[in-house]
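Chemist: Here is my input; please provide its structure:
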Amino acid sequence: MASVLSRGGNVSDVACVPEQVLRLATTRSRVAAVRSDRRLLVLSRSLHQEGNGILGSRRMCVRLRQDHGESIGIRRVRRLMRSAGLSGVPKKRRVYRKPGRIDQNVPDLLPRECSAQQPNRAWVTDITEFRTGAGKLYLCVIKDLYDGTVVSWKTQSRLTADLVVSTVNWAVEKSSRQDGKPTILHSDHGSQYTSNAYRKCLQHYGLRMSMGRVRTCADNASAESVFAQLKRELVHRCRFRTRQEATERINQYFLNIYNPWRRMPISTPKPNTKEALNERTNGAVC
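Modeler: As a prediction, the model looks like this:
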């Protein structure tokens, strides 16, 4: 017989439990835990394959909690994924250069700011390029610092000011800026962002122009993080035969992966985040 001490230090006769019963209960709990791990492993493999192999432990934990109602912690998810050989796509280390000079003509209204208190208050934009079988393809994106979603994106075969202007036009059309408060649009000092066409476009829509320091990519790191994740999870894992194929795959990535998963935090999300994301997703076609 196994005895259990009461609060007064005496042996409680009521709490006496046979050792065989304790062993049986322990064995049953272990068997239940093993069965639960096997079930979660099957589900994790399915979600990992569904996400094209880019789900890490944090995203996997969020998907298991929100989509499948599982009560599971991040440590257990990491253990299960490690045992199954599942992993996300790791980030690469970056080498930061010495900051450049400050442009006195255009102010930096977002000095290393990576968040905003309300939607459509602070946007960041940048351009990148991809290689395809038919030549280079250029991509311009505009990201909202409130919830981290990409408001608009456009692709083009030539790197001109028309690319950024069309991206701004689409962002303004999709966003609901009805309170009259100006929106800050932050960029680097690329020739497309210093062109007269871009400046006139911002003046037409009442957007406030903001630029970081010259030759300092860290001042626009929030926008460049979009490209880093896009290349890590899509571009570097496949080959595009044509520009049209690349554009379609990028559209699918932003609509089905980046924007829906970007702000699925383990903690409590910001208010109105889901409503703002749904509003931007409706009718989104590049």
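
Chemist: Dig out what Lys143 forms beta bridges with.
Modeler: Val124, Val150 (DSSP bridges).

Chemist: residue contacts, it?
Modeler: Lys143 is in contact with 123-125, 149-151, 222-223, 226, counting by Cβ atoms under 8 Å, 6 or more residues apart in numbering. Every C-beta, even on glycine, is put in place using the N, C-alpha and C of the backbone.

Chemist: just the residues you listed now: which is nearest Thr160?
Modeler: Thr125 (15.0 Å; Cβ to Cβ).

Chemist: Tell me the spacing between Cys238 and Asp162.
Modeler: 28 Å (Cβ to Cβ, to the nearest Å).

Chemist: Revised request: answer the last question for Ser46.
Modeler: 43 Å.

Chemist: same deal with Gly206?
Modeler: 21 Å.

Chemist: Please say which of those two ends up with more neighbours.
Modeler: More crowded of Gly206 and Asp162, by other Cβ atoms under 10 Å: Asp162, with 16 against 12.

Chemist: Quickly find the element holding the more buried one.
Modeler: Assessed by DSSP states H and E, Asp162 sits inside helix 161-174.

Chemist: Mind listing what's buried along that helix?
Modeler: 161-168, 170-172, 174 (16 or more other Cβ atoms under 10 Å).

Chemist: How about residues contacting it?
Modeler: By Cβ under 8 Å, 6+ apart, helix 161-174 touches 123, 125, 127, 138, 140-142, 151-154, 156, 185, 191-193, 195, 197-198, 201-202, 205, 207, 280, 283-284.

Chemist: among those residues, which ones are buried?
Modeler: When the contacts of helix 161-174 are checked against 16+ other Cβ under 10 Å, the ones flagged as buried are 123, 125, 127, 138, 140-142, 151-154, 156, 185, 192-193, 195, 198, 201-202, 205, 207, 280, 284.

Chemist: Please flag which of those sit within strands.
Modeler: 123, 125, 127, 138, 140-142, 151-154, 156, 185 (DSSP state E).

Chemist: any weak-confidence spans in the stretch 151-286 of the chain?
Modeler: Residues of the stretch 151-286 of the chain meeting the criterion pLDDT under 70: 177-180, 215-217, 262-286.

Chemist: And the helices in it?
Modeler: 161-174, 196-205, 221-233, 243-253, 259-262, 273-281 (DSSP state H, counting those that start in this stretch).

Chemist: what's the span of stretch 171-190, first residue to last?
Modeler: 20 Å (Cα to Cα, to the nearest Å).

Chemist: wait, I meant stretch 172-192
Modeler: 18 Å.
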